[in-house]
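Q: using only what follows, build the 3D model:
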Amino acid sequence: MKRKIGVLGWMVAFGVVIGWVAPAGAAVSDIVCGRLANGYGPYDYRSDKKELPVVEFHHLTAPVLNLVSGQTGVYPGGDLDYTLRAFPNHPAALMAMIRYGEKTRSDRPKGARYSVECYLYRAWRFRDDDPTVRMIYAAYLAKHGRGEEALKHLEDAHTMGEDSANFDYNIGLVYFDLKDYKKSLFHAHQAYMKGFPLPGLRDKLKRVGKWTEPVKMDAVEKLDEPPVREVQAGK
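A: Predicted structure coming up:
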């Protein structure tokens, strides 16, 4: 299952997109992050599409997604919270909540019922088979210096069928941060061969002297071909 670079494009470079790192807070847990039961839902973003318009029309409007203002209150956090309680694995709402925390420099921005990571944890708890949630959570964890946790989510996403250029790029960044340059280079090659547009991972590998250009398949095939022997006339 391949995905185009699209809804997850925001996290293509952990250190560029996420400019502020929240201080370490209380660990997430079922108790800290609340019950999933909700008056409306919770619904699965992937399969319960008929329920989406009710929430998106009234809460996930352009001002909310752009973090300009709330739709039903002053702050966008309240509407993002409502959306993520109704659809815990709503990718655009999850990404907006992360950006809202960065913008306000708060781990629990105004209007939000839980911490930013709690919304990610709740999405994972709600549908642990959703590779998109795993990739979003991995991006958050990687930026916060939790590379091993991020790697586990990305590996799980790959097992679920995630095989996009965006996936290879992001797991390449995690391996780079973990100083596993061989695996980082492998995934960098995969990402760029699949058409990933940004040079950040390649530049990182170049700066530490670990970048090499990928070997083209036609060149490999030529190397594997047996040498051509000249046959003299009459022999």
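
Q: burial measure for the closest residue to Leu178 other than its chain neighbours, as a count.
A: Distances taken as Cβ to Cβ, 6 or more residues apart in numbering place Gly147 nearest to Leu178, at 4.9 Å, with adjacent residues excluded. Quick note: C-beta positions are derived from backbone N, CA and C, even for glycine. Residues near Gly147, counting by other Cβ atoms under 10 Å, number 20.

Q: next: Leu151.
A: Neighbours of Leu151 using other Cβ under 10 Å come to 20.

Q: helices of this structure, residue ranges please.
A: Assigned helices in the chain, in chain order: 14-17, 52-58, 62-65, 76-86, 91-104, 116-126, 131-143, 147-159, 165-177, 181-193, 200-207, 217-224 (criterion: DSSP state H).

Q: adding mean pLDDT and distance to Ile31, write those out as CSV.
A: Shown next, in CSV, are the helices of the chain (pLDDT from 0 to 100; distance: least, Cβ to Cβ, whole Å):
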stretch, mean pLDDT, distance to Ile31
helix 14-17, 40, 29
helix 52-58, 95, 26
helix 62-65, 96, 28
helix 76-86, 97, 16
helix 91-104, 96, 20
helix 116-126, 98, 11
helix 131-143, 95, 19
helix 147-159, 96, 20
helix 165-177, 95, 29
helix 181-193, 97, 36
helix 200-207, 97, 38
helix 217-224, 50, 53
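
Q: who touches stretch 181-194?
A: Identification of contacts with stretch 181-194 by Cβ atoms under 8 Å, 6 or more residues apart in numbering yields 164-166, 168-169, 171-173, 175-176, 201-202, 205, 208, 210-212, 214.

Q: give me the buried positions along that stretch.
A: 181, 184-192, 194 (16 or more other Cβ atoms under 10 Å).

Q: which non-adjacent residue is nearest Gly101?
A: Val116 (4.0 Å).

Q: who touches that neighbour in this structure?
A: So Val116 contacts 22, 97-98, 100-101, 107-109, 140 (Cβ under 8 Å, 6+ apart).

Q: please redo it, this time with the cut-off set to 10 Å
A: Applying Cβ atoms under 10 Å, 6 or more residues apart in numbering to Val116 gives the contacts 22, 25, 77, 94, 97-102, 106-109, 140.

Q: quick check: phi and psi on Val215?
A: Main-chain torsions, Val215, degrees, to the nearest 10: phi -80, psi 130.

Q: against His189, how distant is it?
A: Going from Val215 to His189 by Cβ to Cβ, to the nearest Å gives 9 Å.

Q: Ala86 too?
A: Counting by Cβ to Cβ - Ala86 and His189 are separated by 41 Å.

Q: tell me who's in contact with Tyr121.
A: Neighbour list for Tyr121: 27-30, 32-34, 88, 114-115, 137 [criterion: Cβ under 10 Å, 6+ apart].

Q: ditto for His90
A: 43-46, 52, 55-56, 60, 80, 83-84, 96-97, 119, 123, 132-133.

Q: filter these down to the buried ones.
A: By 16+ other Cβ under 10 Å, the contacts of His90 give 43-45, 52, 55-56, 60, 80, 83-84, 96-97, 119, 123, 132-133 as buried.
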